[in-house]
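In: Pasting the sequence and the predicted model now:
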Amino acid sequence: AQTVTQSQPEMSVQEAETVTLSCTYDTSENNYYLFWYKQPPSRQMILVIRQEAYKQQNATENRFSVNFQKAAKSFSLKISDSQLGDTAMYFCAFMNTWGAQKLVFGQGTRLTINP
Amino acid sequence: ETGVTQSPTHLIKTRGQQVTLRCSSQSGHNTVSWYQQALGQGPQFIFQYYREEENGRGNFPPRFSGLQFPNYSSELNVNALELDDSALYLCASSWDRQNTGELFFGEGSRLTVL
């Protein structure tokens, strides 16, 4: 079974700084998807970024980028020029390319951006 | 385009009771999944429905059951509620059951079992 581990329960940075959230996972699959989801106090999960394992190029979405290290089974999220609206819980998640669309989530990292 | 909507947003039940939670998928989506998120934890997959059929289930007992209707809306039913069922229940929808990735989540139903 796949597992996802986020080792940083909480992080706090100043506005405009860069922050990196860590995630490791375990799977025997060669192809899969990895995600970072954001959950603000409104509770709705919002997709931040997605990475397909067969693509070597790291995904980027504006201020958000990932460092995908397939051999190390590591998938970190970098937020550049952090903004107050980035304050939220961040979840790393895994999905197989077959079977049900089942997301396996990590425990989450609570990120606080301070003014 | 309307997003995923869930009802009720909050509810309180007592141990042993039954509860039904509802979800309206995003327009055009035919696949819906349910997740349980305990306080301070990541969501856990309960099950998924595709065109009214269950096509995947997580490690949850049979007292957790679901339905998907022809309009692709969905219900999650939990019988014989236990204290540990207290959680945020999230519904997510997507275009089809192919695992291309993105799920669209609702804001959840927070269930408290006393």
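Out: It's in. Residues are numbered from 1 along each chain as shown, chains lettered A, B, ... in the order given.
In: so what's B:Val78 bridging to?
Out: B:Val19, B:Phe64 (DSSP bridges).
In: Can you list the residue ranges for strands in the chain?
Out: Reading this off chain A. A:3-5, A:10-14, A:19-21, A:24-26, A:32-39, A:46-52, A:60-61, A:64-69, A:74-79, A:88-96, A:104-105, A:109-114 (DSSP state E).
In: if you could check chain B rather than the one you did, that'd help
Out: Using DSSP E, strands in chain B cover B:5-7, B:10-13, B:19-24, B:31-37, B:44-50, B:53-57, B:64-68, B:74-78, B:87-94, B:104-105, B:109-113.
In: Include mean pLDDT and mean neighbour count when you put those strands into CSV, please.
Out: Placement of C-beta: from N, CA and C, glycine included. Formatted as CSV, the strands of chain B follow (pLDDT from 0 to 100; neighbours: other CB atoms under 10 Å in any protein chain shown):
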stretch, mean pLDDT, mean neighbour count
strand B:5-7, 96, 16
strand B:10-13, 97, 13
strand B:19-24, 97, 20
strand B:31-37, 95, 25
strand B:44-50, 95, 22
strand B:53-57, 92, 14
strand B:64-68, 96, 18
strand B:74-78, 97, 21
strand B:87-94, 95, 24
strand B:104-105, 92, 21
strand B:109-113, 98, 19
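In: what's the closest of these to A:Leu47?
Out: Nearest to A:Leu47 among those is strand B:104-105 (8.1 Å), distances taken as CB to CB.
In: near chain A, anything from that closest one?
Out: Yes: contact between strand B:104-105 and chain A, assessed by CB under 8 Å from any CB of the partner chain, occurs at B:Phe105.
In: just to revisit the earlier point, now distance to chain B, mean neighbour count and mean pLDDT too, for the strands of chain A, in JSON lines please.
Out: Output for the strands of chain A, formatted as JSON lines (distance: least, CB to the nearest CB, whole Å; neighbours: other CB atoms under 10 Å in any protein chain shown; pLDDT from 0 to 100):
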{"stretch": "strand A:3-5", "distance to chain B": "8", "mean neighbour count": "16", "mean pLDDT": "96"}
{"stretch": "strand A:10-14", "distance to chain B": "11", "mean neighbour count": "12", "mean pLDDT": "97"}
{"stretch": "strand A:19-21", "distance to chain B": "13", "mean neighbour count": "19", "mean pLDDT": "98"}
{"stretch": "strand A:24-26", "distance to chain B": "12", "mean neighbour count": "16", "mean pLDDT": "97"}
{"stretch": "strand A:32-39", "distance to chain B": "5", "mean neighbour count": "23", "mean pLDDT": "95"}
{"stretch": "strand A:46-52", "distance to chain B": "5", "mean neighbour count": "18", "mean pLDDT": "94"}
{"stretch": "strand A:60-61", "distance to chain B": "12", "mean neighbour count": "12", "mean pLDDT": "94"}
{"stretch": "strand A:64-69", "distance to chain B": "14", "mean neighbour count": "18", "mean pLDDT": "97"}
{"stretch": "strand A:74-79", "distance to chain B": "14", "mean neighbour count": "20", "mean pLDDT": "98"}
{"stretch": "strand A:88-96", "distance to chain B": "5", "mean neighbour count": "23", "mean pLDDT": "95"}
{"stretch": "strand A:104-105", "distance to chain B": "3", "mean neighbour count": "22", "mean pLDDT": "96"}
{"stretch": "strand A:109-114", "distance to chain B": "9", "mean neighbour count": "17", "mean pLDDT": "97"}
